[in-house]
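>>> Build the 3D model from these lines:
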Amino acid sequence: MSAILERSFKVLEHLAGHPEGRALSALSTELEMPLSATHRLLSELIRCGYVRQDQSHGDYMLTIKLVSLGLSFLSNSGIVDVAQPLLDRLAAESGELVRLAVVDGDELTFVAKAQGATRGLRYDPDMGLSVNLSCSSAGHAWLSTMTDEQALQLVARQGFGQPEDFGPKAPTTVKALLTYLRAARKRGFAMISEVFAPAMTAMAAPVRGGNGAVIGVITIAGPLVRLTEERMLELGPALLATAEDVAHASGASALFKRRA
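Alright, predicted model coming up:
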């Protein structure tokens, strides 16, 4: 049974990266699963409403059922209701994209955002994705609250990002990553430039629950031409204040309360 569940989730996760759909043969090859087993899993996922088959070309793709489950969970948790006004306020002050990520086990996942840019270049990556810890301001902010050993253990499980997948300054060694983390500890928030993506910068501060444990991270991200190092340092106090406000309000969210 566990093998079937694992394969089912592999299919769902793979299809999530291919919104245009994938053919049965392609899924079988890419997931290294027998054709017959792949077809059986897809048939069950169709029966349960998580996958559909395009009638014109036969490719398999996700339905919105998984999205509905995630949105329902966030709505019932109260997290968006609690955080959204605070994110909106920081987005208006910074003029950039502001996001909230929550700690979920060994991962960070973005769950809410506010866009402050009203014209020009607007940076707005996909939501709901697990954050790369070594190549993101959110990851650095969270890791900076741990000991070096704890931080490196988490990164070792996930792996370092590579510059070809992220920005040209993405840290690929322990020494390079620790330099970022120690700077974040010293100033109280993380700052990166061309690490997550070329020509993009970001900053992030941890959100601590009532017991001191980190329950989330607030980030500001934007283009380097606008969100310069000087501008990030100017926004530091506002970012830290928002993180503190979210922490104070976290008791109203069932999701945050469970982590606090």
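>>> quick one: residue 112 from residue 82, how far?
Note on residue 112: its distance to residue 82, by Cβ to Cβ, to the nearest Å, is 9 Å. Where C-beta positions appear, they are placed from N, C-alpha and C, glycine not excepted.
>>> So which elements touch the biggest helix by length in the chain?
Looking across the chain with DSSP state H, the single longest helix is helix 229-249. Here helix 229-249 touches helix 79-94, strand 190-193, strand 200-208, strand 214-223, going by 3 or more Cβ pairs under 8 Å, 6 or more residues apart in numbering; DSSP states H and E.
>>> Switch these over to TSV; also include distance to residue 16 and mean pLDDT.
Formatted as TSV, the helices and strands packed on helix 229-249 follow (distance: least, Cβ to Cβ, whole Å; pLDDT from 0 to 100):
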stretch	distance to residue 16	mean pLDDT
helix 79-94	21	87
strand 190-193	26	98
strand 200-208	24	96
strand 214-223	22	94
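>>> Format those as TSV; extra columns: distance to residue 131 and mean neighbour count.
Shown next, in TSV, are these (distance: least, Cβ to Cβ, whole Å; neighbours: other Cβ atoms under 10 Å):
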stretch	distance to residue 131	mean neighbour count
helix 79-94	16	19
strand 190-193	12	24
strand 200-208	10	26
strand 214-223	8	26
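>>> so which of those gets nearest residue 236?
Nearest of the helices and strands packed on helix 229-249 to residue 236, taken as Cβ to Cβ: strand 200-208 at 7.3 Å.
>>> Run the chain-centre distance for the closest one.
12 Å (Cα atoms, centre = their mean, to the nearest Å).
>>> Just checking: what are the partner strands of that strand?
strand 190-193 (antiparallel), strand 214-223 (antiparallel) (DSSP bridges).
>>> Can you say which of those is nearest to residue 95?
Of the strands paired with strand 200-208, nearest to residue 95 by Cβ to Cβ is strand 214-223, at 7.7 Å.
>>> about what we covered before: buried set for the longest helix of the chain?
Applying a neighbour-count criterion of 16 or more other Cβ atoms under 10 Å, one finds 231-232, 235-236, 239-243, 245-247, 249 buried in helix 229-249.
>>> How about stretch 48-55?
Going by 16+ other Cβ under 10 Å, stretch 48-55 has these buried residues: 50-52.
>>> hmm, back to that, any chance you could list what contacts the longest helix of the chain?
With Cβ atoms under 8 Å, 6 or more residues apart in numbering as the test, helix 229-249 has contacts from 82-83, 86-87, 89-90, 93-94, 98, 100, 187-189, 191, 193, 201, 203-209, 215-218, 220.
>>> With stretch 29-45 instead?
For stretch 29-45, contacts defined as Cβ under 8 Å, 6+ apart pick out 4, 7-8, 10-12, 14, 22, 24-25, 27-28, 51, 53, 60.
>>> Are we agreed that residue 100 is in a strand?
Yes - using DSSP: H, G, I helix; E, B strand; the rest coil, the secondary structure at residue 100 is a strand.
>>> give me the beta-bridge partners of it?
Here residue 100, judged by DSSP bridges, has bridge partners residue 112, residue 218.
>>> Looking at it now. What's its pLDDT?
Note for residue 100: predicted pLDDT of 91.
>>> Distance check, it against residue 145.
Separation of residue 100 from residue 145 (Cβ to Cβ) stands at 16 Å.
>>> Same drill for these two, tell me which one is more crowded.
residue 100 (26 against 17; other Cβ atoms under 10 Å).
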